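Visitor: predicted model and sequence below, questions to follow.
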Amino acid sequence: MTSLHDLDLKQLEAFATVISAGSVTAAAKVLDRSQPAVSRLIQELEQSLGYPLFVRNGPRIHPTEEALQLHQYVQKALQSLQQIRQRALEIGHQQQRPLNIAATPALAAGLLPQALAALDLQTRVQIVSESAEHTTHAVITGEADVGLCSLPLEHHAVELHWIGQSRCVVALPQEDPLAAQATLDLASLAGRRLITPWSPLRLRGRFEKALKRVKAAPHETIETNSSANILACVRAGLGVAILEPVTAWGMPLQGVAIRPLEEDIPYFFGVITPQGRQISAAAQGLIAALAEAAAALLPAYQQLPAGEHHRVMRLINQA
């Protein structure tokens, strides 16, 4: 079995760079090393691991399935080491620590910029856009000072500051006949192709239950893991979408009409910080600015106290 001491940092850097750059030649330029040196590092790593990472076909190489699985962990480890290096430099020069923010893609793009714009930023800001699960994990491990993601947020290692609530909407092409209506009901979407989030564990499952209740099953669906992709598909005329409100109102897309739903399908999100850790002034300012930005951006917005989490989760699970 490969021990930790068998894994050389230079080998891991070479491996990750070859995956990212697409070839040994390109990786050598990025790393400012010779091509034979990079090839040797890859071969040494393969010997340590005991299995091939690339399939060689003349001058071309292609990553194996094992390499693709390994890459995601190596990439995160190298990023963590880079953060350690940066933090060590900051400590040595008595520099202020940057404000690290983790947020789901919808909240990172649709709400966070408005909140940051309202602050008089005196420190560097680092934003990482991840899934809800990875966002929460970044806060739990202390990689992020502030996290912003959808519910559930029932974790003992985080402090939930408040819960935001707003209604989901319908997105449809601007020229769609339904766009002439001020509001839409779910029944009007019966038989239409629906652009949906791919994960059934969050909003998609609630959308499907709501459509089933009014007997408005979609004709067919296109699935994606990004609200921005949903809007782009709608603009291209590929279908209509029930969408969380943060992307809909925070990232308006020309050619896409956003209409309120007559049925109330609430979208819940929260702001979290690591439990037991002192909150910096910058983080406190951001938490307040996020609340103000959400109230200004989202129609029918409500801010709920953190203690409402259990009630909200019961509501979500019953929907």
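Guide: Looks like it arrived, so ask away. Numbers count the residues shown, from 1 in each chain.
Visitor: Q69: how many residues sit nearby?
Guide: 10 (other C-beta atoms under 10 Å). From N, CA and C alone the C-beta is placed, and that goes for glycine too.
Visitor: can you tell me the element it falls in?
Guide: Taking DSSP states H and E as the definition, one finds Q69 inside helix 65-92.
Visitor: can you give the strand pairings for the next helix or strand after that helix, parallel or anti for each?
Guide: Under the assignment DSSP H and E, the closest C-terminal helix or strand after helix 65-92 is strand 99-103. Strand pairing for strand 99-103, determined by DSSP bridges: strand 125-129 (parallel), strand 146-150 (parallel).
Visitor: mind giving me the packing neighbours of whatever helix or strand comes next after the last one?
Guide: Looking back up the chat, that one is strand 146-150. Sequence order places strand 158-167 as the next helix or strand after strand 146-150, per DSSP H and E. Contacting strand 158-167 under the criterion 3 or more C-beta pairs under 8 Å, 6 or more residues apart in numbering; DSSP states H and E are the following elements: helix 132-140, helix 245-250, strand 266-274, helix 281-297, strand 302-305, helix 309-318.
Visitor: so where is the protein shaky, pLDDT-wise?
Guide: 1-6, 59, 87, 90-96, 200-201, 319 (pLDDT under 70).
Visitor: run the last query once more with 80
Guide: Residues of the chain that meet the criterion pLDDT under 80 lie in 1-7, 57-60, 79-80, 82-97, 154-156, 199-202, 218, 317-319.
Visitor: next, the angle strand 125-129 makes with the helix holding Q69.
Guide: Between helix 65-92 and strand 125-129, the angle comes out at 160 degrees (axes from the mean of the first three to the mean of the last three C-alpha atoms, to 10 degrees).
Visitor: now helix 65-92: buried residues?
Guide: A67, L70, H71, V74, L78 (16 or more other C-beta atoms under 10 Å).
Visitor: how about the first one, what does it touch?
Guide: Yep, that's A67 we're talking about. F15, I19, L53, F54 (C-beta atoms under 8 Å, 6 or more residues apart in numbering).
Visitor: circling back: I'd like the buried residues of helix 65-92 as CSV, with distance to A232 appended.
Guide: Formatted as CSV, those follow (distance: C-beta to C-beta, whole Å):
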residue, distance to A232
A67, 31
L70, 32
H71, 27
V74, 31
L78, 31
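Visitor: for those, which one is nearest I265?
Guide: H71 (37.5 Å; C-beta to C-beta).
Visitor: what about the nearest residue to that closest one once chain neighbours are set aside, distance to E44?
Guide: Excluding its sequence neighbours, the residue lying closest to H71 (C-beta to C-beta, 6 or more residues apart in numbering) is I19, at 4.9 Å. According to C-beta to C-beta, to the nearest Å, I19 stands 16 Å off from E44.
Visitor: who's more crowded, these two?
Guide: Neighbour totals were compared for I19 and E44, and I19 leads with 19 against 15 (other C-beta under 10 Å).
Visitor: tell me how far the more buried one lies from S129.
Guide: 20 Å.
Visitor: A182: what's it in contact with?
Guide: By C-beta under 8 Å, 6+ apart, the contact set of A182 is R259, P260.
Visitor: now it: phi and psi?
Guide: phi -70, psi -40 (degrees, to the nearest 10).
Visitor: that one and E262, how far apart?
Guide: For A182, the distance to E262 - C-beta to C-beta - is 10 Å.
Visitor: swap in W249?
Guide: For W249, the distance to E262 - C-beta to C-beta - is 18 Å.
Visitor: of these two, which one has the most company?
Guide: Neighbour tally, W249 and E262, criterion other C-beta under 10 Å: the higher count belongs to W249, 18 against 14.
Visitor: out of the contacts of A67, which is most surrounded?
Guide: Ranked by neighbour count (other C-beta under 10 Å), the contacts of A67 have F15 at the top, with 26 neighbours.
Visitor: spell out the secondary structure type for that one.
Guide: Here F15 takes the helix state, with states given by DSSP: H, G, I helix; E, B strand; the rest coil.
Visitor: now it: closest residue in space, sequence neighbours ignored.
Guide: Closest to F15 by C-beta to C-beta, 6+ apart is L45, at 5.6 Å.
Visitor: all set, thanks.
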